[in-house]
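S.K.: sequence unknown, structure follows:
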């Protein structure tokens, strides 16, 4: 088994040496023992002018598998260098959904060339899938599946699978349809193999079919595949006609994309579909600046609050030194709550109807967390700030103001952090948007208001 992390440098040196000495047979023998994703990783490390040479050494089937794993820039470069015959050979080996993914990433001139050399049936299927909305089940499905008729015997069904199976993406699950292609049921290849040859498909199929609609969100489809441990999920149109399937490998890609998108939104960045090192400086600037501008302007409320209570700060200057700690604690508390709730929303564990239960739970958690932090902070202020650092301005009354604010800030932060993502989803916004940056900005303003309210009540300033 090839260990990429440990053997990377050694293998790259071997490949470079074989290429320089023109030991192409030896190089081919080395590559055919490797899995397609590992070969793709290897090719990403090679100089661009060597990619076509290495790719042409691979057997047809392995070459197609490797081609799918390459990033879009490398795929485009190889396509530009392919002869018409080579391009058709690669396209013939690709599964339809992989071809669609490649077409979506390529510039117009490359797309035209791909479609020109694809088989008419494949070209028609590609165009049909491209009509579906982006991020829908229809846009990620494949039309290469095994369909059977309810009237067939097991013997006839197995013959059909042997005849048509090599061109299908999966034969593990077979779908049963009527003459109008309405989905009636499904059965596994295991069920077929363990049944008698004269059994009728309609008698042994499972009619309790879980399926997706072509316009259903791709993330929901991926979550259902994960929830039910399916290898594939059938996709039907508005008339319940089977038009395709979504396989587990495509679902994993979707979940990775959605997780990446959520992480970027939670970090206040516009989502990007390119790898980090492939994203240019200008693109990164465009993705980050709008959010930073928005958050910067929203943070002016914090400055307005400080200006309003300027006289209070002047009367008790020591209060200023604890503002960063209070703001940081509030932001961290809100982020904890929002992260937990966003995860629960994405897994379907929490819905809008659970809002009151979530808020009630977070309020109780906030009381325990706030009391613990306040007690620890009071001891720290008295022992460290007042005695060890000999700061007479840190009086028990000042410590009480800071500690009371801690409790109130943590409570507000937990409330905001837990409720905003749920409300965002109810309003059909992405809950990930209501994450750390927005919550921190809101909690900063609230913590200052609480801080100066307690200062006014306790210190009389």
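M.R.: Alright, I've got the coordinates. This one's a predicted model, so the numbers in the text were calculated from it and none came from an experiment.
S.K.: Tell me how far residue 383 lies from residue 458.
M.R.: As judged by Cβ to Cβ, to the nearest Å, residue 383 and residue 458 stand 21 Å apart. For glycine as for every other residue, the C-beta is placed from the backbone atoms N, C-alpha and C.
S.K.: list the contacts for the residue lying farthest from the centre of the chain?
M.R.: Distance from the C-alpha centroid of the chain peaks at residue 392, with 52.6 Å (Cα atoms, centre = their mean). For residue 392, the residues meeting the contact criterion (Cβ atoms under 8 Å, 6 or more residues apart in numbering) are residue 386.
S.K.: Model confidence for it, exactly?
M.R.: Residue 392 carries a pLDDT value of 89.
S.K.: Spell out the secondary structure type for it.
M.R.: The three-state label given to residue 392 by DSSP: H, G, I helix; E, B strand; the rest coil is coil.
S.K.: which regions of this structure lie under the pLDDT threshold?
M.R.: Applying pLDDT under 70 to the chain flags the ranges 1-6, 259-279, 287-288, 291, 294-295, 297-299, 432-437.
S.K.: Could you list the buried residues of the strand or helix carrying residue 159?
M.R.: Element membership for residue 159, per DSSP states H and E: helix 154-164. Neighbour counts over helix 154-164 (16 or more other Cβ atoms under 10 Å) mark 154, 156, 157, 158, 160, 161 as buried.
S.K.: Please apply the same query to stretch 316-332.
M.R.: Across stretch 316-332, burial judged by 16+ other Cβ under 10 Å covers 316, 318, 319, 322, 323, 326, 327, 329, 330, 331.
S.K.: now stretch 75-87
M.R.: For stretch 75-87, by 16+ other Cβ under 10 Å, it's 75, 76, 78, 79, 82, 86, 87.
S.K.: Quick check: the last one vs residue 138, distance?
M.R.: In this structure, residue 87 lies at 26 Å from residue 138, with Cβ to Cβ as the measure.
S.K.: and what of the third one?
M.R.: Counting by Cβ to Cβ, the gap between residue 78 and residue 138 amounts to 28 Å.
S.K.: Could you do the second one as well?
M.R.: Counting by Cβ to Cβ, the separation of residue 76 from residue 138 is 25 Å.
S.K.: The fifth one too?
M.R.: As for residue 82, its distance to residue 138 is 29 Å (criterion: Cβ to Cβ).
S.K.: cool, and the first one?
M.R.: For residue 75, the distance to residue 138 equals 23 Å [Cβ to Cβ].
S.K.: The fourth one now?
M.R.: Residue 79 sits at a distance of 25 Å from residue 138 (criterion: Cβ to Cβ).
S.K.: how many neighbours does residue 461 have?
M.R.: Each residue near residue 461 was counted by other Cβ atoms under 10 Å, and the total is 16.
S.K.: For it, list the residues it contacts.
M.R.: By Cβ under 8 Å, 6+ apart, residue 461 lies in contact with 311, 312, 315, 316, 455.
S.K.: got TSV for the residues you listed, with secondary structure and distance to residue 406 too?
M.R.: Formatted as TSV, the contacts of residue 461 follow (DSSP: H, G, I helix; E, B strand; the rest coil; distance: Cβ to Cβ, whole Å):
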residue	secondary structure	distance to residue 406
311	helix	24
312	helix	18
315	helix	21
316	coil	17
455	helix	13
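S.K.: Compare those and tell me which is most surrounded.
M.R.: Top of the contacts of residue 461 by neighbour count (other Cβ under 10 Å): residue 455, with 23 neighbours.
S.K.: Next, the contact list for residue 42, please.
M.R.: 11, 12, 15, 34, 54.
S.K.: so of these, which ones are in helices?
M.R.: Per DSSP state H, helices hold the following members of the contacts of residue 42: 11, 12, 15, 54.
S.K.: Report all helices and strands that the host helix or strand of residue 446 contacts.
M.R.: Residue 446 is part of helix 436-459, with elements assigned from DSSP H and E. Secondary-structure packing of helix 436-459 (3 or more Cβ pairs under 8 Å, 6 or more residues apart in numbering; DSSP states H and E): helix 281-298, helix 300-308, helix 310-315, helix 323-346, helix 396-426.
S.K.: Out of those helices, indicate the one that is most buried.
M.R.: helix 396-426 (a mean of 22; mean count of other Cβ atoms under 10 Å).
S.K.: and the angle for that one with helix 323-346?
M.R.: Relative orientation of helix 396-426 versus helix 323-346 (axes from the mean of the first three to the mean of the last three Cα atoms, to 10 degrees): 30 degrees.
S.K.: Residue 17 - how many residues pack around it?
M.R.: With other Cβ under 10 Å as criterion, residue 17 counts 12.
S.K.: Distance check, it against residue 29.
M.R.: Separation of residue 17 from residue 29 (Cβ to Cβ) stands at 14 Å.
S.K.: Same question for residue 292.
M.R.: In terms of Cβ to Cβ, residue 292 sits 53 Å off from residue 29.
S.K.: Ok, residue 47 next?
M.R.: From residue 47 to residue 29 the distance is 22 Å (Cβ to Cβ).
S.K.: out of these two, which sits in the busier spot?
M.R.: Neighbours per residue (other Cβ under 10 Å) separate residue 47 from residue 29, with residue 29 holding more: 12 against 8.
S.K.: which parts of the helix or strand the more buried one falls within are buried?
M.R.: Per DSSP H and E, residue 29 falls inside helix 24-31. Going by neighbour count (16+ other Cβ under 10 Å), the buried part of helix 24-31 is 27, 30, 31.
S.K.: would you turn those into CSV with distance to residue 245?
M.R.: CSV is the format used below for those (distance: Cβ to Cβ, whole Å):
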residue, distance to residue 245
27, 37
30, 36
31, 31
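S.K.: so residue 54 sits right up against residue 30, yeah?
M.R.: No: using Cβ atoms under 8 Å, residue 54 is not in contact with residue 30, being 10.6 Å away.
S.K.: For the two, list the residues in contact with both.
M.R.: When contacts are counted by Cβ under 8 Å, 6+ apart, residue 54 and residue 30 have residue 15 as shared neighbours.
S.K.: Direction included, what does the host helix or strand of residue 148 pair up with?
M.R.: In the assignment (DSSP H and E), residue 148 maps to strand 147-149. Paired neighbours of strand 147-149 in the sheet (DSSP bridges): strand 173-177 (parallel).
S.K.: which strands and helices sit next to the next helix or strand after the strand it pairs with?
M.R.: As assigned by DSSP H and E, the chain's next helix or strand after strand 173-177 is strand 183-188. Where contact means 3+ Cβ pairs under 8 Å, 6+ apart, strand 183-188 is packed against strand 173-177, helix 201-204, strand 232-236.
S.K.: so after the last one, what's the next helix or strand?
M.R.: As assigned by DSSP H and E, the chain's next helix or strand after strand 232-236 is strand 242-247.
S.K.: what's the angle from that following strand to strand 173-177?
M.R.: Using the same axes, to 10 degrees, the direction of strand 242-247 lies 170 degrees away from that of strand 173-177.
S.K.: please begin residue numbering at 32 from this point
M.R.: OK, 32 is where the count begins now, so the last one is strand 273-278.
S.K.: So what angle separates the directions of strand 273-278 and strand 214-219?
M.R.: Orientation check (the same axes, to 10 degrees): strand 273-278 against strand 214-219 gives 40 degrees.
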